[in-house]
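Asks: Turn this into a model:
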Amino acid sequence: MGRLGAVGLRAAARPALSTSQARCLSTFGLQRPRVILARSEFRALQQKPRSFWSSSKPAAPVEKTEPAPARVEEAAVPEATSATEPLPAEPDASLDATSAVPSPDAALPPVSVPTDVLPTELAASIPPAPLQYGDLAALGLAGWTPAGICRWGMELIQVSTGMPWFWTIVSATVITRIILFPFTVKQMQSTAALAPYQGEIAALKDEMTLAQKKRDSLALQRAALRQKMIYQKAGVSLGAMALAPFIQLPVTLGMFFGVKKLCDLPLEQLKYSGFQWVPDLTVADPTWTLPILATVLMNVQISVSMRDMIGSTPQMGHIMNFLRVLTTGSVFLMANLSSGVIVYLITGIVMMTLQSLLLRQPVIRRMLGIPLVPEHMRQPVPSMMDSLRYARQWWNEKAADVKASQRR
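Replies: Residues are numbered from 1 along each chain as shown. Prediction:
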């Protein structure tokens, strides 16, 4: 018959294959599927009479025999099935759906992996979800106490701006110093206004101390009345001067204990500070860099503030020098504090130092209405040797007083 007759005979007598038995040769379905017959079918076709013309008579009924399963080969699959492995005669429709290759443009659904099945190192490196409004209140960390209000303010700053917690603590500290700045200016105005009357005020204080020792209530009231008249002449209110410390102290301590509570819990978000130098705000600085830096800045701040002492007793300068000595030992105490607390302390010290240097400028003082104080009214700053001689003299005087009292 020839090759053409054989091809036509095979095309006419070829058994129909189901959809699941014809597979796409290309992975992405860009080519047309080609049906490949198994060897058993090809041999059965060769044994039938080859005729070029097809007969018009209906074909004789064929006994229902289970046809040999067709073998489908895939050119793109690296591991092909063996030739002897039969395919199921009636495959499940679910297998066809799962065997279909998805389009490369189709988006795969996100797969969430629980952190409890991850390794410990990998789970620890995954940062927690950022805070939302009201999270600290739900944890019982925000309230109407000074520390609770400060923590609520830090949450408001962090959630609103999205800043890392390192810069959140720095920003909250700067904002608190700005809030307290008007009270500091008011206090400096009162102190500068009383500078010309410091001699009279010091004499009245000695008189009041002597009256207390003698238990002379009349002399004590007379001295207090004269002091009130001096304050009125200077235009200073005793209530305003007494109110300023009661406002500054709660805010300062509130920020300290507010940050300390967040770091001691710890709040998981503070473990990712967002600053490479201080990666974890909930632990102490292992390099001791922050405690040493805080101690140095504290000494600088005390030295700067000593030059602004007005109307203080001569002993105040020596007391400030002894505070400078004591701060050197505070480095061991601050080494046990968390890094977040020391970041707050450093920021507060820097802000107070800059504030002192700024309010020392004559232009700024005129703008804020702070009177200029002549140099002769300022207390001289004693040196460390002067403070050491003062301490020795004070000790000798106290020892002599004790001996005199024993003789009596």
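
Asks: do you know how far residue 175 is from residue 351?
Replies: 10 Å (CB to CB, to the nearest Å). The C-beta positions use only the backbone N, C-alpha and C, and glycine is treated the same way.

Asks: what does residue 198 give?
Replies: 29 Å.

Asks: Could you report the neighbour count for the residue lying closest to residue 235 once chain neighbours are set aside?
Replies: Spatial nearest neighbour of residue 235, chain neighbours left out: residue 193 (5.9 Å); criterion: CB to CB, 6 or more residues apart in numbering. The number of residues packed near residue 193 is 17, by other CB atoms under 10 Å.

Asks: Need the phi and psi values for residue 193.
Replies: Here is the backbone geometry of residue 193 (degrees, to the nearest 10): phi -70, psi -30.

Asks: show me the contacts for it.
Replies: Going by CB atoms under 8 Å, 6 or more residues apart in numbering, residue 193 touches 234, 235, 236, 371.

Asks: before we move on, back to that, out of residue 175 and residue 351, which sits in the busier spot?
Replies: For the pair residue 175 and residue 351, the greater number of neighbours falls to residue 351 (19 against 14), based on other CB under 10 Å.

Asks: Surely the more buried one touches residue 177?
Replies: Yes: using CB atoms under 8 Å, residue 351 is in contact with residue 177, at 4.2 Å.

Asks: So residue 295 sits against residue 326, correct?
Replies: No: with contacts counted by CB under 8 Å, residue 295 stays clear of residue 326, the gap being 10.5 Å.

Asks: Compare neighbour counts for these two and give me the winner.
Replies: Neighbour count, other CB under 10 Å: between residue 295 and residue 326, residue 295 has more, with 19 against 10.

Asks: Got the phi and psi for the more buried one?
Replies: According to degrees, to the nearest 10, residue 295 has phi -70, psi -40.

Asks: got a list of what it touches?
Replies: Residue 295 neighbours (CB under 8 Å, 6+ apart): 327, 328, 330, 331, 334.

Asks: Output the below-cut-off pLDDT ranges for the chain.
Replies: 1-125, 310-314, 376-377, 408 (pLDDT under 70).

Asks: need the contacts of residue 295 in a markdown table with distance to residue 309, can you?
Replies: Output for the contacts of residue 295, formatted as a markdown table (distance: CB to CB, whole Å):
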| residue | distance to residue 309 |
| --- | --- |
| 327 | 18 |
| 328 | 22 |
| 330 | 22 |
| 331 | 26 |
| 334 | 26 |
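
Asks: Among the contacts of residue 193, name the buried ones.
Replies: Neighbour-count burial (16 or more other CB atoms under 10 Å) is assigned, among the contacts of residue 193, to 234, 236.

Asks: and which of the contacts of residue 193 is nearest residue 259?
Replies: Nearest to residue 259 out of those is residue 236 (CB to CB; 34.9 Å).

Asks: thought that closest one was touching residue 192?
Replies: No: contact criterion CB under 8 Å: residue 236 and residue 192 do not qualify, at 9.8 Å.

Asks: Sweet, I'm off.
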